[in-house]
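Chemist: Need a 3D model of the sequence below.
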Amino acid sequence: MEVYFINNIDQLKSAQATTNENDLFTRRNLPQTKLYNWINEDDHRMIAGILHYPAEMSESKNLSLPRPLSRPGKDILCGVDRLIKDSIVNPHRLAVGGYSCDGFLTNWLITQTRRFNAALSGAGVVDYASVRGMMDMPVSLSYLFGGFLWEVSNIYQNEAFIYQLDRIHTPTHIITGKYDNRVPTSQSYILERELHYLGISVKLIIFPKEGHSVTGNP
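Modeler: Presented below is the predicted three-dimensional model:
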């Protein structure tokens, strides 16, 4: 809070500060903010919000958040904790599952906790390095991780749950399409084989005549 001085009320717009208690903030790159509205897809109502950009970022720059697994994964686990605390879910009857990117995330989640009784991993990537040379959108990994393997190898390594598979204790059901070009079936084979070696209950189902979307099967 600063002190301003004027001789009369008509000078409010030209008031000059007589103190400088917040000088520190004038020397820092504070985050930019802007009003940001979007439409709720369920009821089509307008939602009004305020978008806070990280320091030194603006709408002219992409906001890179290269932690595609650990960041949302921790958010999900915190959400589960809150659901349990609020007695909305039974902590002894939890399961987790997802397909494509969410299958990717499911694979990470079951390396982080034993709370889930079962997991459904649908077309989830397991090994980032090998899938790059086989998938139809290899550039998507560079976008998710903030660069290529040789540029941000530390991020790939930190997010690589393939090196934590021995922490899995969750019975897992794996599904994928035989002709999936987005996440090749080899990724599901890797997960199924390693869980088998670890003695984890696992079942792999490959849908014939299906690609990534699996539109012909329920």
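
Chemist: Show the subsequent helix or strand relative to the helix with the most length in the chain.
Modeler: Determined from DSSP state H, the single longest helix within the chain is helix 70-85. The helix or strand immediately downstream of helix 70-85 is strand 95-99, counting by DSSP states H and E.

Chemist: May I ask which helix or strand of this protein has the lowest mean pLDDT?
Modeler: Ranked by mean pLDDT, DSSP states H and E, the helix or strand of the chain with the weakest confidence is helix 23-26, at a mean of 72.

Chemist: give the contact list for the residue nearest the centre of the chain.
Modeler: Nearest to the mean C-alpha position of the chain, by C-alpha atoms, centre = their mean, lies residue 72 at 3.7 Å. Taking C-beta atoms under 8 Å, 6 or more residues apart in numbering, we find residue 72 in contact with residue 105. Just so you know, the C-beta spots here come from the backbone N, C-alpha and C atoms, and that holds for glycine as well.

Chemist: quick one: it from residue 198, how far?
Modeler: As judged by C-beta to C-beta, to the nearest Å, residue 72 and residue 198 stand 25 Å apart.

Chemist: repeat for residue 164
Modeler: 11 Å.

Chemist: try residue 26
Modeler: Residue 26 is 57 Å from residue 198, by C-beta to C-beta.

Chemist: Mind checking which of the two has more residues around it?
Modeler: residue 198 (13 against 8; other C-beta atoms under 10 Å).

Chemist: All the helices of this structure, residue numbers only.
Modeler: 23-26, 70-85, 101-109, 128-132, 139-145, 153-158, 185-197.

Chemist: Show me what the fourth one is packed against.
Modeler: Counting contacts by 3 or more C-beta pairs under 8 Å, 6 or more residues apart in numbering; DSSP states H and E, helix 128-132 is packed against helix 139-145, helix 185-197.

Chemist: For the shortest one, the averaged confidence score.
Modeler: Along helix 139-145, the predicted local confidence has a mean pLDDT of 87.

Chemist: Run through the neighbouring helices and strands of it.
Modeler: On a contact count with 3+ C-beta pairs under 8 Å, 6+ apart, helix 139-145 meets helix 128-132.

Chemist: Pull the distance from the least confident helix or strand of the chain to the chain's centre.
Modeler: In this view, helix 23-26 has its centroid 34 Å away from the chain centroid, taken as C-alpha atoms, centre = their mean, to the nearest Å.

Chemist: Now for residue 69, how many residues are close by?
Modeler: 21.

Chemist: Which pLDDT value belongs to it?
Modeler: 91.
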